[in-house]
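Engineer: Mind folding the following:
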Amino acid sequence: MAQEPLLEPERFGHRYAASGEAAPRAAELEALGSDYSATGYTTREQADGLGRLLALGPASVLVDIGAGCGWPGLYLATAFGCSVISVDPVIEGARAALERIDSDGLGPRALALLGTGEHLPIRPGSIDAVVHADVMC
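Structural biologist: Residues are numbered from 1 along each chain as shown. Prediction:
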């Protein structure tokens, strides 16, 4: 009997769970220079380039759309000192971002939201930059 195809959120939920295992995280660290259980392909060098290009700093507020487990937005908050709002439509991704916010001590400067880039509860003019690395869905 053929297996029913997974719906997008369910499929990504499975991917987030698998990417947190030891072998995928080791491969991610070697290939991308990150250990966020990322499901994309943005390297640490590319993320650093984004931070410089966007002139991120302690006074900046960044929104990361389709953030999944928090890469690269949470990394940028750590590396450049900015605040970040991490947004993902899959509960497993938002949950992993919340865990990373806690483990990295970003609590006062970071927020993880379950949602898409549409209709965010953000006041106009309060954001300095938006990133959406490897978002294709």
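Engineer: What is the helix or strand hosting residue 74 packed up against?
Structural biologist: Following DSSP states H and E, the helix or strand that holds residue 74 is helix 73-80. If you count contacts as 3 or more Cβ pairs under 8 Å, 6 or more residues apart in numbering; DSSP states H and E, helix 73-80 packs onto helix 44-53, strand 61-65, strand 83-88, helix 91-103. (C-beta placed from N, C-alpha, C; glycine too.)
Engineer: how far does the shortest one sit from the chain's center?
Structural biologist: Computed by Cα atoms, centre = their mean, to the nearest Å, the separation of strand 61-65 from the middle of its chain amounts to 9 Å.
Engineer: next one: stretch 94-103
Structural biologist: Worked out by Cα atoms, centre = their mean, stretch 94-103 lies 10 Å from the chain centre.
Engineer: Would you mark the buried spots in it?
Structural biologist: Buried positions in stretch 94-103, judged by neighbour count with 16 or more other Cβ atoms under 10 Å: 94-98, 100-101.
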